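>>> Got a sequence here, can you model it:
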Amino acid sequence: MSGMFPPVSGPRIFALPPGVDFIAELVAGIEARLEGAPPEAWAEVEIFLNTRRAARALETRLASGPARLLPRIRTVPDLASDPLLVPAGLPPAGDPLRRRLDLARLVRALLSRTGIAPETSAFGLADSLGHLLDELGGAGVDPARLGELDAAGHAEHWQRALAFLDIAASYAAAEGPATGDARLRAAVGLVAARWAVVPPRHPILIAGSTGSRAPMRELMRAVAALPQGAVILPGVDPYLPQDVWERLGPDAADHPQHGFRALGDILGFDPSTLPQWTATSPARPQRDAVISLALRPAPEASS
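Numbers count the residues shown, from 1 in each chain. Below is the predicted model of the structure:
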């Protein structure tokens, strides 16, 4: 197989606009790039999707015909448990149920001492701490840094909040095995390091993710730099001019396209100049253009 993509100087990233059938257009884009290729070319394509639901949708679409060999379809959350991808060296996985029970026990002890919330809320609060630990682990932030927060001079509820957060920091310090995004981040790091030494020559696609999670962004960065790697972003607004994209900084975090601007800053691409994965237009482009204009920052909308 000669490859799906010509060489590029930067990250290879494509976009699809809002309002199109993403799975259908993903398949159409692959078909266009493999036109005339031998039948086994499809089997060499590797596709990472964000969820099992998306993977099932892609499998259903491909099964509808025509007859062909199927690509390798993977989900990013399962990367840490895939022995074919992740080399030796990943720490053993912690037990999520055990973590939940341990955190609930610690939370219940805090609630019984302080009375800041009913003890019946222990499991809900433990789940919140578990999500926090996953977010910190995925971002590569040591939970011990929670202890550096200074609530002196703040309201009393900040003191209670710090006591609650201290449970997460103490638990992370005592427990070794990582779960959730922390383990996924470690797996992505091992895979990316291996690819940096021996880049795969077959096509590898990441499709349908907005890069909102740190491990996913790192995997996107690694794939977009591969000789035959590509990232296909969903729902990128094609009607935003470059000057509006430039204004979607931290102060515009509530804009629906802000995440793509932030992802562009991290991975090194300009969202306003992304090539389209296919040439298909949304069903109602005029409506989409009006919605895009209505959502722009106020000075642009009023001009």
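>>> Could you check how far Leu58 is from Arg74?
11 Å (CB to CB, to the nearest Å). For glycine as for every other residue, the C-beta is placed from the backbone atoms N, C-alpha and C.
>>> can you list residues touching both of those two?
Ile47, Leu49 (CB atoms under 8 Å, 6 or more residues apart in numbering).
>>> And these two? Which one has more around it.
Neighbour count, other CB atoms under 10 Å: between Leu58 and Arg74, Leu58 has more, with 22 against 18.
>>> pLDDT (mean, whole number) over the helix or strand hosting Val188?
Val188 is part of helix 180-197 when elements are defined by DSSP states H and E. In this model, helix 180-197 carries a mean pLDDT of 85.
>>> Give me the helices and strands touching it, please.
Counting contacts by 3 or more CB pairs under 8 Å, 6 or more residues apart in numbering; DSSP states H and E, helix 180-197 packs against helix 122-139, helix 214-224.
>>> Past the longest one, which element shows up next along the chain?
Scanning forward in sequence from helix 122-139 by DSSP H and E, the next helix or strand is helix 156-174.
>>> what ranges of this protein fall below the confidence cut-off?
Scanning the chain for pLDDT under 70 picks out 1-2, 84-93, 146-159, 175-180, 299-303.
>>> Please identify which of the helices and strands packed on helix 180-197 is closest to Leu248.
helix 214-224 (17.1 Å; CB to CB).
>>> got the buried residues for the very next helix or strand once past that closest one?
Reading on from helix 214-224 to the C-terminus, the next helix or strand found by DSSP H and E is strand 229-233. Under the neighbour-count criterion of 16 or more other CB atoms under 10 Å, strand 229-233 has Gly229, Ala230, Val231, Ile232, Leu233 buried.
>>> what's in contact with strand 229-233?
By CB under 8 Å, 6+ apart, strand 229-233 touches 4-5, 11-16, 26, 29, 200, 203-211, 220, 222-224, 260, 263, 267, 274, 277.
>>> For burial, what's the neighbour tally of Phe114?
For the record, residue 114 is Thr, not Phe. 12.
>>> how near is it to Asp127?
Counting by CB to CB - Thr114 and Asp127 are separated by 19 Å.
>>> Also Leu267?
From Leu267 over to Asp127 (counting by CB to CB), the distance is 31 Å.
>>> got the buried residues of strand 229-233 as JSON lines, with distance to Ala298 columns?
Shown next, in JSON lines, are these (distance: CB to CB, whole Å):
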{"residue": "Gly229", "distance to Ala298": "39"}
{"residue": "Ala230", "distance to Ala298": "36"}
{"residue": "Val231", "distance to Ala298": "31"}
{"residue": "Ile232", "distance to Ala298": "32"}
{"residue": "Leu233", "distance to Ala298": "26"}
